[in-house]
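S.K.: sequence first, predicted coordinates after that:
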Amino acid sequence: MLIDDIDISIKAGSGGKGNVHFYRDRWRPKGGPDGGDGGDGGSIYFQAESDISLFSQFRFQKKFEAQPGEPGGKNQSTGHNGRDLIVKVPVGTIASYDNGTQIEFTKVGQKEIMAKGGRGGRGNYSYRSSTNQTPQEFEPGFKTTPKRLHLQLKLIANVGLIGLPNAGKSSLLNEISNANAKVANYEFTTLEPNLGVTKAGHIIADIPGLIEGASEGKGLGYKFLKHIERTQLLLHCIAADSHDPQKDYQVVRKELESYSSKLLNKPEIVILTKSDLLDEKELKKLKTSIKPKLAVSILDDNSIKKLSDLISQSMDKLNSPDTK
């Protein structure tokens, strides 16, 4: 199951303490202070990647800590800085601090500092002066404290495949993109969203099937309604072999409306899937009542090509300067 909503703790490295030391050798028995400064603690960064499975790392690891800075040494030697920690997160991650501040990761390669490492403390060499030639002062280094983060994943895809369970969405995704989603002839095959990229470069998300009452918390689809929010285009799949295709369509539309009016107003293309299961007469009758934009079958390469072209044309239209 996809982990997409979780709390974690992060802690940047504390600064190393400054050193108190006085130089001594046979030629300079009173060489003076030479305690070095402590090193800075490591910072924690988040970096966005395209792999949504990265969120699963938070299932077992909920505490992330960067390396602290090392203490200062003698001979004015500054301690080594702590290593930074880079945590990779999926594109679409929203990180929220307790104070309400949010950082959103919207593109691959985006890198943000989430917790800054503590500054290293000064050693006694830094305190020397004409009036203080044997300073005993030093700084312990800044101590960092853990920060609590709430992480939420909202998929960023151009097209969202929606429909009731067993509407053929996963199979369709495999045909029109580079995805390799698990498929089977029973409800709720899709337990988590699957992503695929078309030849034209459009990202398509197969959202787990919605059922009646999904917006109220029923079934698997409810949890993923938020993933549809960021899509530009909805591809509404209705199975041609359904007992009541019209009702299937209305059930999904009702759940979108109940969750958010924003979803209801998104551009939508209605397609009939599994068209190979009906004869020409039955298919024609169904097209009259449902009025889909296209009827497709994964066994019909021509219909798959038409669908790919339709998606590209629709996306080009949505992204044209005149539309924005």
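M.R.: It's in. Given the structure is predicted, the values throughout are model-derived calculations rather than measurements.
S.K.: what ranges do the helices span in the protein?
M.R.: 169-176, 225-228, 245-259, 261-264, 280-290, 301-318 (DSSP state H).
S.K.: compare those helices and report which one is nearest to Gly18.
M.R.: Set against Gly18 and scored by Cβ to Cβ, the helices of the chain come closest in helix 225-228, at 48.6 Å. Backbone N, C-alpha and C define where each C-beta goes, glycine included.
S.K.: burial of Ile269, as a residue count?
M.R.: 17 (other Cβ atoms under 10 Å).
S.K.: packing partners of the lowest-mean-pLDDT helix or strand in the chain?
M.R.: In the chain, the helix or strand scored least confidently by mean pLDDT, DSSP states H and E is helix 225-228, which has a mean of 75. With contacts taken as 3 or more Cβ pairs under 8 Å, 6 or more residues apart in numbering; DSSP states H and E, helix 225-228 sits against strand 159-162, helix 245-259.
S.K.: so which of those is the most packed in?
M.R.: strand 159-162 (a mean of 28; mean count of other Cβ atoms under 10 Å).
S.K.: what bridges to Gly196?
M.R.: Ile204 (DSSP bridges).
S.K.: show me the contacts for it.
M.R.: 173-174, 176-179, 181, 203-204, 206 (Cβ atoms under 8 Å, 6 or more residues apart in numbering).
S.K.: quick one, which of the helices of the chain is nearest to Leu195?
M.R.: helix 169-176 (8.5 Å).
S.K.: can you pull the contacts of the residue lying closest to Glu137 once chain neighbours are set aside?
M.R.: Excluding the flanking residues, the one nearest Glu137 by Cβ to Cβ, 6 or more residues apart in numbering is Tyr127, at 4.5 Å. Residues near Tyr127 by Cβ under 8 Å, 6+ apart: 33, 135, 137-138.
S.K.: list only buried entries from the residues you listed.
M.R.: Among the contacts of Tyr127, those classed as buried by 16 or more other Cβ atoms under 10 Å are 33, 135, 138.
S.K.: hang on, the earlier thing: pick the one among the contacts of Gly196 closest to Asp248.
M.R.: Asp206 (16.9 Å).
S.K.: ends of stretch 131-151, what's the gap?
M.R.: In stretch 131-151, first residue to last residue: 53 Å (Cα to Cα, to the nearest Å).
S.K.: quick check: chain neighbours aside, which residue is closest to Lys116?
M.R.: Lys116 sits nearest to Ser43 (Cβ to Cβ, 6+ apart), 5.1 Å away.
S.K.: ok, that neighbour - how many residues close by?
M.R.: Applying other Cβ under 10 Å, we find 21 residues neighbouring Ser43.
S.K.: name the residues that touch stretch 279-298?
M.R.: Against stretch 279-298 from outside (Cβ under 8 Å, 6+ apart): 168, 171-172, 174-175, 238, 240, 245-246, 249, 269-276, 278, 303-304, 306-307, 310.
S.K.: just the buried residues from those, in PyMOL please.
M.R.: Selection of the buried residues among the contacts of stretch 279-298 in PyMOL, burial being defined by 16+ other Cβ under 10 Å:
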select buried, resi 168+171+172+174+175+238+240+245+249+269+270+271+272+273+274+275+276+278+303+304+306+307+310
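S.K.: the contacts of Tyr127 in strands, which ones?
M.R.: Pro33 (DSSP state E).
S.K.: wait, which of the contacts of Tyr127 is closest to Ile156?
M.R.: Phe138 (48.9 Å).
S.K.: ok, for the closest one, nearest residue in space, not its chain neighbours?
M.R.: Here the residue nearest Phe138, using Cβ to Cβ, 6+ apart, is Gly18, at 3.9 Å.
S.K.: quick one, what contacts the one you found?
M.R.: 35-38, 71-72, 120-124, 126, 138-141.
S.K.: can I get the least confident helix or strand of the chain as CSV, trimmed to CA atoms?
M.R.: The C-alpha coordinates for helix 225-228 follow below in CSV (Å, rounded to 0.1, in the frame of the first residue of the first chain):
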residue,chain,number,x,y,z
LEU,A,225,-9.2,11.4,-4.4
LYS,A,226,-6.6,14.1,-3.4
HIS,A,227,-4.3,12.7,-6.0
ILE,A,228,-6.7,13.7,-8.8
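S.K.: all numbers from here: first residue = 505
M.R.: Got it, first residue is 505 now, which makes that one helix 729-732.
S.K.: domain ranges for this structure?
M.R.: 509-657, 663-822 (automatic domain parsing).
S.K.: comparing these, which yields the minimum mean pLDDT?
M.R.: Mean pLDDT per stretch puts domain 663-822 lowest among the domains of the chain, at a mean of 82.
S.K.: tell me how far it lies from the chain's centre.
M.R.: 22 Å (Cα atoms, centre = their mean, to the nearest Å).
S.K.: now the end-to-end length of that domain.
M.R.: 11 Å.
S.K.: same question for stretch 515-535.
M.R.: 39 Å.
S.K.: list the buried residues of it.
M.R.: 515-527.
S.K.: so which of those is the closest to Thr605?
M.R.: Nearest to Thr605 among the buried residues of stretch 515-535, with distances taken as Cβ to Cβ, is Ala516, at 15.6 Å.
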